[in-house]
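**Student:** Have a look at this fold, sequence not included:
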């Protein structure tokens, strides 16, 4: 989920919560305000009536028979009533305001009522002034509806503004991600252009990323120089010894024994040279020092490799089966490296095969992807060893003196460089299968 | 035939000098770019064996200068840097060949001969070894008028041995020549023996191959 979406979600949810809270509180609030208003009015009226009562005679108002008075308007929304208090419990009551259902001429209506006891002519009376409150509910719902519509509008507008602002605010961050973090190019192609932003944090982020990229680039450069230097420093002495050995072997007049020793030394030296070459090759690939500008057909590549080493099959009387069902154009690759990779894989299939064994090579599309399968009928690899076959200098078969196992690490490095997936499956004494998925 | 060895590593230039002198080549040595440049302009060399990592200048610059000045010597670039770009740049600048260190002197010599053939168009491109005629141009081998069908590797092997006749070529020298470009971890294999066995079988079907000697534990030699 992107920050922008999170922002938008947060805004929507928080505003929805605010509306919800408002909608719940609103009726109570409206009621409060309306009651306060009515109460003020009721108090004022009661004052006025009491004043009238005090000035004139209560007898002018109240009826003869029960000394009470009732008056209401035509819609029974308002009424004034005066009763003499007979219940001694009620005598000490002060002014009270309450809601009560009054029955006026058989019609029951909800009223807000103020009750005020007063003394007149040694008789306690209670003045009740009521005002109908049935309109309040109506008022509440009108206000509620009005506010709801207004708030929804405000929220919608603010949501759009928030989104636009978030987009504007996060623009530098998105630029940093899209130009510097997402492509993960090799250090040679790093983009150091500063991303302009008025946000301090983004500037810091961009600066730090640039700094880190510079450091990475520097260390790549150092490694590159190191590889080049090591290459020169190691290969030169090897060259000297190799050439000296050649000259000594060519001198003649050497005993057979000495000749064999010298040729063995040559072989050992060659082995050392090859190990260094393989290590340097791996480092150079990892240091991104190879171009990927070639295009080659998979079958063409395999035929080339087979032409180079096919004759080795005769040593162990191995039969080769080629099942080239589909071809595939490998683009943006390094031909020399792929050649090295395939050579090592097929050579491996020969080297660890049995006498009179076989090698099957498939080239086909499987599960929507092109793949090359190399199956041998060799000695196989134990299950627990399979994960280790790509480790440098791991020798699986301890009885065999040869091979310091740089062939498969090299294969893995080259495959990784070309984003080719390698799957290995093996059964001891049945054979091993390498699948390359492009 | 005059050769200038431009190599600052004295032990290495010394070994090259020994080997090439034995092939009846006149060798001159320069240990830095300045002296190499002087010698190239003062003398006429058939070959300049040029190391790229010189103490005072880049070998490629020396190559560029020399070609600009119209020097006609054949240049073979020698480098331990093993940079692909070096190779491409070197060949673009007019180098005739490129060998990565460490290289075999026999390989260097055979490359020089290949350049000679290419540059001067030797009268005969056919080498004869007893009853066998090796046509280098067309990559064919004939014996008493019969064509012998050899694989690419078998031909390379026979040609290389014939080129260095009367000298032992070790298995490593042969392996490096046949599969030098292939980097693999098969250090102890004797695939070369398989090729020799097959080659001998094909040749002996036509005529005697007594001249094709196995030097036990070392390698092979063509005696002529």
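**Tutor:** In hand now; what should we look at? This structure is a prediction, so every number in the text was calculated from the model and none was measured.
**Student:** residue contacts, the nearest residue to residue A:175 once chain neighbours are set aside?
**Tutor:** Nearest residue to residue A:175, sequence neighbours excluded (Cβ to Cβ, 6 or more residues apart in numbering or on different chains): residue A:195, at 4.6 Å. Every C-beta, even on glycine, is put in place using the N, C-alpha and C of the backbone. Applying Cβ atoms under 8 Å, 6 or more residues apart in numbering or on different chains to residue A:195 gives the contacts A:172, A:175, A:176, A:179, A:180, A:202, A:206.
**Student:** Could you do residue A:50 as well?
**Tutor:** Neighbouring residues of residue A:50 by Cβ under 8 Å, 6+ apart: A:116, A:118, A:127.
**Student:** circling back: can you flag the buried ones in the contacts of residue A:195?
**Tutor:** Among the contacts of residue A:195, those scoring as buried are A:172, A:175, A:176, A:180, A:202, A:206 (criterion: 16 or more other Cβ atoms under 10 Å in any protein chain shown).
**Student:** from those residues, which ones fall inside helices?
**Tutor:** Here DSSP state H is the test, and the buried ones among the contacts of residue A:195 give A:172, A:175, A:176, A:202, A:206 as lying in helices.
**Student:** ok, so what distance separates the closest residue to the fourth one other than its chain neighbours from chain B?
**Tutor:** Distances taken as Cβ to Cβ, 6+ apart put residue A:172 closest to residue A:202, at 4.3 Å, once the chain neighbours are dropped. Using Cβ to the nearest Cβ, to the nearest Å, residue A:172 is found at 38 Å from chain B.
**Student:** What is the burial count for residue A:247?
**Tutor:** Residues near residue A:247, counting by other Cβ atoms under 10 Å in any protein chain shown, number 17.
**Student:** Please identify the helix or strand for it.
**Tutor:** Per DSSP states H and E: residue A:247 is located in helix A:200-250.
**Student:** Show me how far that helix is from its chain's centre.
**Tutor:** Its chain's C-alpha centre and that of helix A:200-250 lie 36 Å apart, by Cα atoms, centre = their mean, to the nearest Å.
**Student:** From the contact counts, what lies against that helix?
**Tutor:** Counting contacts by 3 or more Cβ pairs under 8 Å, 6 or more residues apart in numbering or on different chains; DSSP states H and E, helix A:200-250 is packed against helix A:134-176, helix A:256-286, helix B:10-22, helix B:105-120.
**Student:** Which one of these lies nearest to residue A:438?
**Tutor:** helix A:256-286 (17.6 Å; Cβ to Cβ).
**Student:** angle of the closest one against helix A:200-250?
**Tutor:** Put simply, helix A:256-286 runs at 160 degrees to helix A:200-250, going by axes from the mean of the first three to the mean of the last three Cα atoms, to 10 degrees.
**Student:** before we move on, the earlier item: any chance of JSON lines for the helices and strands packed on helix A:200-250, columns mean pLDDT?
**Tutor:** Below are these laid out as JSON lines (pLDDT from 0 to 100):
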{"stretch": "helix A:134-176", "mean pLDDT": "84"}
{"stretch": "helix A:256-286", "mean pLDDT": "87"}
{"stretch": "helix B:10-22", "mean pLDDT": "94"}
{"stretch": "helix B:105-120", "mean pLDDT": "88"}
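**Student:** Turn those helices into a markdown table, including distance to residue A:389.
**Tutor:** Output for those, formatted as a markdown table (distance: least, Cβ to Cβ, whole Å):
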| stretch | distance to residue A:389 |
| --- | --- |
| helix A:134-176 | 40 |
| helix A:256-286 | 15 |
| helix B:10-22 | 38 |
| helix B:105-120 | 33 |
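**Student:** Pop out the phi and psi values for the residue nearest to residue B:211 when sequence neighbours are not counted.
**Tutor:** Excluding the flanking residues, the one nearest residue B:211 by Cβ to Cβ, 6+ apart is residue B:223, at 4.7 Å. Taking degrees, to the nearest 10, you get phi -100, psi 120 for the backbone angles of residue B:223.
**Student:** Pull the contacting residues for residue B:223.
**Tutor:** When the contact criterion is Cβ under 8 Å, 6+ apart, the partners of residue B:223 are B:165, B:166, B:211, B:213.
**Student:** Pretty sure residue A:178 sits in a helix.
**Tutor:** Yes - under DSSP: H, G, I helix; E, B strand; the rest coil, residue A:178 falls within a helix.
**Student:** Show the pLDDT at it.
**Tutor:** We have a pLDDT of 87 for residue A:178.
**Student:** That one: neighbour count?
**Tutor:** Residues lying near residue A:178 (other Cβ under 10 Å) number 11.
**Student:** any idea how far it is from chain B?
**Tutor:** Using Cβ to the nearest Cβ, residue A:178 is found at 31 Å from chain B.
**Student:** Stretch A:218-225: which residues count as buried?
**Tutor:** A:220, A:224.
**Student:** quick one: average confidence on that stretch?
**Tutor:** pLDDT averaged over stretch A:218-225 gives 84.
**Student:** what comes into contact with that stretch?
**Tutor:** Residues outside stretch A:218-225 that contact it (Cβ under 8 Å, 6+ apart): A:186, A:187, A:188, A:283, A:287, A:288, A:289.
**Student:** and the residue nearest to the first one when sequence neighbours are not counted, how many neighbours?
**Tutor:** Yep, that's residue A:186 we're talking about. Nearest residue to residue A:186, sequence neighbours excluded (Cβ to Cβ, 6+ apart): residue A:288, at 3.9 Å. Close neighbours of residue A:288, defined as other Cβ under 10 Å, add up to 16.
**Student:** okay, now the domains of the chain?
**Tutor:** In the absence of a named chain, this looks at chain A. Per the record, chain A has its domains at A:3-138, A:200-286, A:294-437, by automatic domain parsing.
**Student:** The intended chain is chain B.
**Tutor:** Per the record, chain B has its domains at B:2-120, B:126-222, by automatic domain parsing.
**Student:** got TSV for the ones you listed, with mean neighbour count too?
**Tutor:** Formatted as TSV, those follow (neighbours: other Cβ atoms under 10 Å in any protein chain shown):
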stretch	mean neighbour count
domain B:2-120	18
domain B:126-222	18
